[in-house]
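J.: What follows is a predicted structure for the sequence shown.
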Amino acid sequence: MARSYVAEARRRVGPKRRRILPIIERLAAEHPDATIALRFRSDLELLVSVMLSAQTTDVNVNRVTERLFEKYRRPEDYLAVPLEELENDIRATGFFRQKTKAIRGTMRMLVEEFDGLVPHRFDDLLRLPGVARKTANVVVAERGEAQGIVVDTHVRRLSQRLGLTRQDDPVKIERDLMRLVPRRYWNVFPHLLIWHGRRVCDARRPRCEVCVVNDLCPASRAKASLAMPPSEMSPRSHRELSRKRP
Ligand code: SF4
C-alpha cells in the first residue's frame, strides 16, 4: 500500500486515542459472547489448555482435553505416567514432544515450589517451564487480574489494521496497547479482537463492508461506512463492560 494512501487513511479516521473507546464499545455490542473458547474447570486445567493451544486451534485443544482432564486431575498425575503415555495423550495438539516436556517441567515446579497450585503472581507464572508472557497473560486475565494484554495472531493483525500499533513484535504491540486501552478493559479487549478477527476481519478476506468499525479503521476497504458515528457509552455501560469476565 502506498505511503501517502496510508497517511491519508490515518488522517481520515483520526487519532487512535479518540477511536479506542468507540472501537471497544461497538465490538462489545457486536460480540457480546466474546469469551475464551478453551474449556476448563480449574486454574490447572486453564494453564494446561493454554500451553496446549500453541500452534493449534482452541477447538482441537478442547477435543483433546475433554479426555485428558478426566485422566490427569492433579499436577502429580502428569508426572506419574511414562513420558510416552503423556505424549500420546496430547499428540493430536501437535508439537507434542515440546509440549510434554513443558507440561512435565511445569507440573514438577508446581509440586516442588507452589504446593501443587497454579501461582497467582505474574512473575511466578513466567518462571514455569514453557510458560511465556502470552500464556501467563491469559491465565491472570481469566482470573480477572489482568497484568497485560494478550497478543495472539488475531490481536496482532487487528491492532495493526485498526492503526492501534505500528509494531510487529508481540511484546511491543502489547506495550502499545497497554498505553492505549484503559486498564479496566484489559481482560475483555483481546477477546473482542479475537472474535472480530474470526467472524469479520479474516486474515485473507476481511469483510469490511459489514464491519461495525469500518469508519474507524484506516485499513478499511469498505466503499461507504455502515457504522454510526462514534458515540459515548453511558458511564453505566462502561462499568458493565469492564466488569465482564472474558
Ligand atoms: S474495516 Fe476491514 S480491515 Fe478494518 S477491522 Fe473491519 S474488517 Fe478489519
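T.: Thanks, I have it. Computed from a predicted structure; not experimentally measured.

J.: Please measure how far the first residue of stretch 145-158 sits from its last one.
T.: End-to-end distance of stretch 145-158: 24 Å, with CA to CA, to the nearest Å as the criterion.

J.: ok, the residue nearest to residue 89 when sequence neighbours are not counted - contacts?
T.: In this structure, residue 89 finds its nearest non-sequential neighbour in residue 68, 5.7 Å apart by CB to CB, 6 or more residues apart in numbering. All C-beta spots, glycine's among them, are computed from the backbone N, C-alpha and C. If you count contacts by CB atoms under 8 Å, 6 or more residues apart in numbering, residue 68 has them with 48, 89-90.

J.: Type out the PyMOL command that picks the buried ones from those residues.
T.: Burial among the contacts of residue 68 is assessed by 16 or more other CB atoms under 10 Å; the matching PyMOL selection reads:
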select buried, resi 48+89+90
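
J.: Distance from the helix ranked longest in the chain to the middle of the chain?
T.: Of all the segments of type helix in the chain, defined by DSSP state H, the longest one is helix 96-113. The chain centre lies 22 Å from the centre of helix 96-113; the measure is CA atoms, centre = their mean, to the nearest Å.

J.: do the same with stretch 152-162
T.: 10 Å.

J.: and if you look at stretch 38-53?
T.: For stretch 38-53, the separation from the chain centroid amounts to 14 Å (computed by CA atoms, centre = their mean).

J.: Could you pull out the buried residues of that stretch?
T.: For stretch 38-53, the neighbour count (16+ other CB under 10 Å) marks 38, 40, 44-53 as buried.

J.: coming back round to it: give me the element the residue nearest to residue 89 is part of.
T.: helix 58-71 (DSSP states H and E).

J.: Just the mean pLDDT for that helix, thanks.
T.: Mean pLDDT, helix 58-71: 97.

J.: Tell me the helix or strand right after that helix.
T.: Remark: after helix 58-71, the chain's next helix or strand is helix 75-80, criterion DSSP H and E.

J.: Give me the contact list for that following helix.
T.: For helix 75-80, the external contacting residues (CB under 8 Å, 6+ apart) are 44, 71-72, 86, 103-104, 107-108, 110-111, 116.

J.: buried sites along it?
T.: 75, 78-79.

J.: Can you give the distance of that helix from its chain's centre?
T.: 28 Å.

J.: State the mean pLDDT of that helix.
T.: The pLDDT scores in helix 75-80 average 98.

J.: ranges for the helices of the chain?
T.: 3-13, 16-30, 43-52, 58-71, 75-80, 83-90, 96-113, 122-127, 133-142, 153-161, 170-180, 189-199, 235-243.

J.: With respect to the ligand, which of those helices lies nearest?
T.: helix 153-161 (4.2 Å; CB to the nearest ligand atom).

J.: is any part of the closest one close to the ligand?
T.: Yes - Helix 153-161 reaches the ligand (CB under 6 Å from any ligand atom) through 158, 161.

J.: My read is that residue 138 contacts residue 40, right?
T.: No - counting by CB atoms under 8 Å, residue 40 is not a contact partner of residue 138; they are 10.7 Å apart.

J.: which neighbours do those two share?
T.: residue 46.

J.: So for the helix holding residue 68, what gets flagged as buried?
T.: Buried residues in helix 58-71, counted by 16+ other CB under 10 Å: 58, 61-62, 64-65, 68-69.

J.: Show me what from the protein comes close to the ligand.
T.: Residues of the chain lying near the ligand (CB under 6 Å from any ligand atom): 158, 161-162, 200-201, 206-208, 211, 213-214, 217, 219-220.
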